[in-house]
Structure formats: C-alpha cells, structure tokens
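In: Got a predicted structure plus its sequence, pasted below:
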Amino acid sequence: MNWFRAFVTATLLGAFTIGTSPQVTPVVNTSQAGPTIDFVNPTNLQVTVGEGDDFASRVLANPWDMNERRDMGYEIAFSNISASNGVWQGTFDGIDDATGGASSSYFFPLFQGFSTPINTSQGTMLSQELVWNPIGAQDKYAVDTSKYTLLSFRMYTSARTQYYVRWTGTKPVTWPIDTLPYDGRFGGNDGCYTGNSYIAWPAGWRTYYFDLTQNNGEDAVRLGTWQSQSRVRGIRIDPSASAFAGTSKVDWVRLTDPSSSPTIQIQWNATGLESGDLVDIWIADNPNGTDALSPVIRGIPATAGSYSFKTSILAPGQHYFRLYLMRYYDIWGNPLYKGCGPDAIKATTPWVGPLTIVAAPALKILSPSMLSGADYATSMLGNPWDMSDSSDIVTPGTSTGYPETLADKQFSDGAFCARAIIQAGQNESDAQIWLNTGGLPPFYSNIKPIDTTKYRYLSVRMKVDPPLSGKDINWSIMNGWGSRIIWWNNGIQADGSQSKYGFLYEGWRTYSVDLARATLPASLISNPGQADNILTPVEENSFPAQLGWTQISSTHYLRFDPLETTPTALNSGADVFCIDWIRLTAQDRVTRGQPYPIQYMYVVNPSQQANLTFYYTTDFSANPTPPTQVAQPYTPPNGLNKVYLPMVLRNSSAFPDTIPAGYTFMWDTSGVPIGTYYICVKANDGSNQTVYCSETTVSIQ
C-alpha cells in the first residue's frame, strides 16, 4: 500500500484562481424598450429525437445519469455523498481525508485508476494496478478522442467561483497532473465580465457545454488539446475550485459523438440591433421553474440569425429554449465582454419547446460473460463457493501452523464476513482466505487441481463499508480497500504467482478478472505489455516465481486476499468485509447444432419497443464489421416457438445473485462454423440505434 500513500500526495492538485472580483446577481433592465427578438422556427424545437451516442451509455453500458453513487467514478474532498432521484450530491470542505491537507474538491465521471511507482535498475517506473472496475486504465473503457468530442453536464453549485475540466491519457495511468503531452485542462470563471467587473452566475443549477475540438475556457489556464492523445483515461471536474465550503449536485454528465444525433437550426429575427449585439441561448427542463440561471450557449453574433444546435449534448427528457438579445455596449458606451451585466439584456423570447430526447436502449450481455461459463467448484467439487458454510473456504490458522489473519469470522445469510487483523511486526494486514479445492488441513488430500487452461475467469461478489468516522473513499483505499489473488502448487515462494492490487468501491459489488491476462515475463523492464498484465512485476514482488496462469497446466491452491488494512484503519469499520460468493469459470462452450442461450438485460429500459438483431463475430469492437453474420433463432422440434423473449434467466440456485433476471435469445448454432465468437446485439427503437457486444466469447465445438 505504500505506492498509494506516496502517489496520492504527489498528484492531488490545487486550482488556479483567475477571478477575484465581487459577485453580483444580474438584473434585467425591464425599462429598455424597442429591440425585439423572436424565434423564426419554434416548431423545430418541438420535435422528438434520439439521444445520440453517449460514451458512458455505449462504452461503459452505464450512463452517467446519477442514479447510483458510483455513476461518479471517484471524488476527492467530498463528504455526505448520496445519489437519489437521479441526482448525485456531496458537501465539500476543502480537506482531503487521505492526506489531511487542503484540497479543492473535485470528482471524476471517468476515473483512470491507479499505478504503483516502483524503483528499478532503470529508475522509478509505474506499474498499472489490477483493473477489475470499469475505469479508463483498461483500453476498452478509455475514450476515443476522435469520436467523443462534446462534453456537457448539468450541475448545481452553492458557491460559484471557477470551474475546471482536466483529463489524462497516460498509460500506465497517472492522475491528471497538468503535464503535456498526455494531460489537458481548461477552466473559467463561473460567470462573466463587464467592462470593469466580474459577475458570478447565482447559486443553483447550470448546464455546461464544451466542444472539445475547440479552445475552451480562459487563455491563462488552458493546457493541451483533447485530440493530443488518441485515448483519454480519466476526466476530472472541479465544480468550484476556489470555494472551500459548499454543496455540489450533479444531474447528469454526457460525453457524446456529435454526428450521432440531429443538429437543429435555431433561427431568430431581431430588431433594434446595434454593432456587436449578441444572442445567448438558455435551456430549462421546466419553463415555469427556476432551474435556468445561466445561458448554455453564449455570445452568438446577433446578425448571424441562426445557430446549429447539437442535440446530443442534452440528456433524455424534455427541454425548453429561450433566446436573450444582449447588448455589446453598456448605456455609457463602454464595451461589455460578450454581453454581460445588469444592463446587458435588450430583449428575450418566450420559452419554446419541448424538445424531447429519447433515451437509447442500453444493454448488457450476460451470456457469454465472465459469470456464465462452467464453474470449477460446482463442476469439480459439487460444492460451489457460495459461502453457505465453512466448507467453501480454508482459513489458515493453528491447524496449519500459519498465523491467523482474520477475526470475527462468521457465516450468516449465505455470506462470509470477517475483520482483518495485523500480525506483530507487520505494517498492514495479510488478510486471506484459501478456497477449498478438495483438500482440508492439515494434510490437504483429495485435491482436485484447477485446470488453468479451462477455468480462467475469477469473480467475487463482496462488500466493504465506509469507515464509521465518515472518511472518504480516498482515505479508505489508502488504508486498505484493495484485494489480490495468489495461486501455487508446492509453495508460494517456489512456484507461486500473485496478482496486482485491485481497489474496491463501497457496498456490494461484483469484481471479475481474467486470470489468463497473466503474461510473462512479469517485469517492468523487459515486458512492454506490463501495464495490462495482472501479475505484480518481479521488481516489486516478494514471490520470485510468477509463473502465470495458463502458463502452468494446473494449480492446487487458490487464495484470495480481501483487504490490506493499515493500522490507521483497524477497528474503523473499513477493516470489515463480506463475501457473498466466488466463482472460477470457464469460457462458454456449446456443441455445434445445439441451441445456445444468449442472455441479456436492459441497463436502460427503452421508452419504446426496441427491435433486436443478434450477431456473432470475431471482431471485439462494439461495431462489428463484415464478415459478421446474423445469428439465427433456434427452432425447437415440432414447430414450437422460435424465440423465447422475454424469459427468466437460468439461475443456479447456488448463486441466486450471480446473473440478474433478464431475457434469453435461443441461438441455433447448427449452421455456425467451428470457432470462437463474440456476441453482439443491435437495438433499434426508431429514434436510436445502438450496438453492444459481449466481453467474453463462446466457443462453437
């Protein structure tokens, strides 16, 4: 854990202050008469369109709609965090719990993850940590910067000062540290300037929108460009960089492809124009409410007469529009920066709309997946690791001569819970459980070796809870919220292998890792692919063998280390864990000619019926290309129903929470060539067309 304590201190940054003028609430000059502005085409804004290609929905299969706390990938210097009714909120106090030092408060819609700094013969090098959360460290979850170029979010801030947007594209990953060429940044005052003063937008909700192909924010704080790297792995937002106390709320965050949804021409007629007059566009979810406190699009030349509005920047729902005609000069003839201040508003339109954005159907394929293949413990032992009783695991203790690493062990309601302890002379816990592979201490006879060429996907459903003191996730991870996997035959020192450290989120979650991603040599110096390796590099590892997983034919012992608790976290509540079940599964297999159940669930239910088309392909990307073939439904004998949709998934009674109830498409494999394929589903609801592919393959044999 020393890697994180050193790393977090070096990478948590303060913010730049770029505006210190007093805050003034804008006032409309209602006495101004004469100038007018009207919509030419209000019906253009009274249509229904699809939401477009949103990164979180399509790539993560989990939109940043703030229905869950972890729709926000990470946060620093926030407390009292909750997510309810589609709104994430937290209190910021300017203190980072992990370091105890002052920090601006910020959050990551896309969190990049961690890396470990390791001293080698070639200097300090980084080793990317075990990736088993949907974070940007893994290539498939990184942002394609040539495709996703529009960033928008709806955010409430109680104390507006400056906002910042930062990103990083480094691999092995680092936090955004404002270093070219892999990092970027822009920011600005959360308000506007008159000729001689700064006016902050009032506290409340504001919709922010940025075209990332253009320069955004203030010149003084701009760094790099979005396209300077092909992949962005972490996105950070500072909602109020100079305020050290307040509340932030987030309704949604979107990162979209502008070509994937319609562009609407907003046209206007304006009278009484003067040189330099501007038009601002305001957007509200409720035209009778008070949620629109600032413009979304600012400073359009009034003489242009129109603006091309990209609809993908708005979240699903209904939206209303209003135009403001803004004077460029104040009443004394002094220039106003992009129209700003109490006397800047010359005329407005009524609210027009609604523009209805239809949510695209978002799917997750459950079979094939890391959870759907044959399970080792069920198949080989007849006793799944479902934590129903103590026969599922072997906890080292006095019977083996191995020191006890856990306390308060109990099996209850189908879960195993315990508390990590620290042995004398150690600087952190070595909490561990040995999974039952057929033998019990002290002799471990009757072991059924794990065929590592068959069983490769390890999944754990486990829970950790925030500390009772209210410390944040940064403190919790720094003090032990991480797990690793270890396996061996004759002895850990002789032929053992150890995975990297994978960090944990709060609450019940399922973590999955492909053990076949262990590649040799496990060395930072001699293995260019070490960032994607699941093995701890030998430069750091105390186990010298690091033989890998598929590189050995079988393994007798499999160990899971749930926590690496520090003395600071002992008896804090963050040193307790619970495990619901552990699975070690094989790749899905089916004999050609037999039906295969393609199982899936809706992550976002379509607002209207979606037509689904199923594909099998060797192309891993979410946009299968020829020679992709359409999967055919299975036809049961005697002409019975061809497609079973919807249908409750086949759940093993041993793992009731493994795969949620969803839908099944019975695939006829009789005409499919022998091979290994990903499964893809194309969903079309009339307004949106989306494609989702499985994370693992099915083998037709």
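Out: That came through, no problem. Quick caveat: nothing in here was measured; it's all calculated off a predicted structure.

In: Which parts of the stretch 51-200 of the chain are strands?
Out: For the stretch 51-200 of the chain, the strands defined by DSSP state E, counting those that start in this stretch occupy 53-54, 74-76, 78-84, 87-92, 106-110, 115-120, 123-128, 143-144, 150-157, 162-168, 183-189, 191-193, 198-200.

In: who's the residue nearest to Ile485 when sequence neighbours are not counted bridged to?
Out: Distance criterion CB to CB, 6 or more residues apart in numbering; nearest residue to Ile485, sequence neighbours excluded, is Ser499 at 4.4 Å. In short, each C-beta sits where N, CA and C put it, glycine included. Ser499 forms beta bridges with Leu535, as assigned by DSSP bridges.

In: which of the strands of the stretch 51-200 of the chain sits most buried?
Out: strand 53-54 (a mean of 26; mean count of other CB atoms under 10 Å).

In: strands paired with that strand, and their directions?
Out: strand 246-257 (antiparallel).

In: average pLDDT for the partner strand?
Out: The pLDDT scores in strand 246-257 average 96.

In: Also stretch 678-689?
Out: The pLDDT scores in stretch 678-689 average 90.

In: What are the buried residues along it?
Out: Neighbour counts over stretch 678-689 (16 or more other CB atoms under 10 Å) mark Tyr678, Ile679, Cys680, Val681, Lys682, Ala683, Asn684, Asp685, Ser687, Asn688, Gln689 as buried.

In: Let me have those in CSV, extended by secondary structure and distance to Glu68.
Out: Below are the buried residues of stretch 678-689 laid out as CSV (DSSP: H, G, I helix; E, B strand; the rest coil; distance: CB to CB, whole Å):
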residue, secondary structure, distance to Glu68
Tyr678, strand, 27
Ile679, strand, 26
Cys680, strand, 26
Val681, strand, 23
Lys682, strand, 26
Ala683, strand, 22
Asn684, strand, 27
Asp685, coil, 23
Ser687, coil, 25
Asn688, coil, 22
Gln689, strand, 26
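
In: and which of those residues is nearest Ala522?
Out: Tyr678 (27.9 Å; CB to CB).

In: Report the contact partners of Met380.
Out: Residues near Met380 by CB atoms under 8 Å, 6 or more residues apart in numbering: Gly438, Lys448, Ile450.

In: Of those, just say which sits nearest to Asn286.
Out: Ile450 (57.8 Å).

In: in the sheet, who's paired with the closest one?
Out: With DSSP bridges as the criterion, Ile450 is bridged to Thr555.

In: Surely it and Asp375 touch.
Out: No: at 11.4 Å, Ile450 does not count as touching Asp375 under the criterion of CB atoms under 8 Å.

In: Mutual contacts of the two, please.
Out: In contact with both Ile450 and Asp375: Leu584, using CB under 8 Å, 6+ apart.

In: re the thing from before, by neighbour count, which of the contacts of Met380 wins?
Out: When neighbours are counted by other CB atoms under 10 Å, Ile450 leads the contacts of Met380 with 26 neighbours.

In: which ones are touching that one?
Out: Contacts here follow CB under 8 Å, 6+ apart; on that basis Ile450 touches Tyr376, Met380, Thr437, Trp487, Ser554, Thr555, His556, Leu558, Leu584.

In: how about these in JSON lines, adding distance to Tyr208 and pLDDT?
Out: JSON lines is the format used below for these (distance: CB to CB, whole Å; pLDDT from 0 to 100):
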{"residue": "Tyr376", "distance to Tyr208": "49", "pLDDT": "98"}
{"residue": "Met380", "distance to Tyr208": "54", "pLDDT": "96"}
{"residue": "Thr437", "distance to Tyr208": "53", "pLDDT": "95"}
{"residue": "Trp487", "distance to Tyr208": "48", "pLDDT": "96"}
{"residue": "Ser554", "distance to Tyr208": "55", "pLDDT": "96"}
{"residue": "Thr555", "distance to Tyr208": "51", "pLDDT": "96"}
{"residue": "His556", "distance to Tyr208": "56", "pLDDT": "94"}
{"residue": "Leu558", "distance to Tyr208": "48", "pLDDT": "96"}
{"residue": "Leu584", "distance to Tyr208": "45", "pLDDT": "98"}
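
In: can you pull out the helices in the stretch 1-150 of the chain?
Out: 2-11, 55-58 (DSSP state H, counting those that start in this stretch).

In: Which of those helices has the lowest mean pLDDT?
Out: Note on the helices of the stretch 1-150 of the chain: lowest mean pLDDT is at helix 2-11, with a mean of 36.

In: Could you measure from Gly100 over to Pro109?
Out: Gly100 is 26 Å from Pro109, where distance means CB to CB, to the nearest Å.

In: Likewise for Pro449?
Out: 44 Å.

In: just Gln162 next, same as before
Out: Taking CB to CB, one finds Gln162 at 19 Å from Pro109.

In: Ok, Trp487 next?
Out: Remark: distance between Trp487 and Pro109 (CB to CB) = 35 Å.

In: how about the strands of the stretch 351-500 of the chain, start to end?
Out: Using DSSP E, counting those that start in this stretch, the strands of the stretch 351-500 of the chain run over 352-358, 362-367, 393-394, 406-412, 415-420, 433-435, 450-451, 455-464, 482-488, 497-498.

In: now the last one, how far from the centre of its chain.
Out: This points to strand 497-498. Here strand 497-498 is found 28 Å from its chain centre; the criterion is CA atoms, centre = their mean, to the nearest Å.

In: what packs against that strand?
Out: strand 482-488 (3 or more CB pairs under 8 Å, 6 or more residues apart in numbering; DSSP states H and E).
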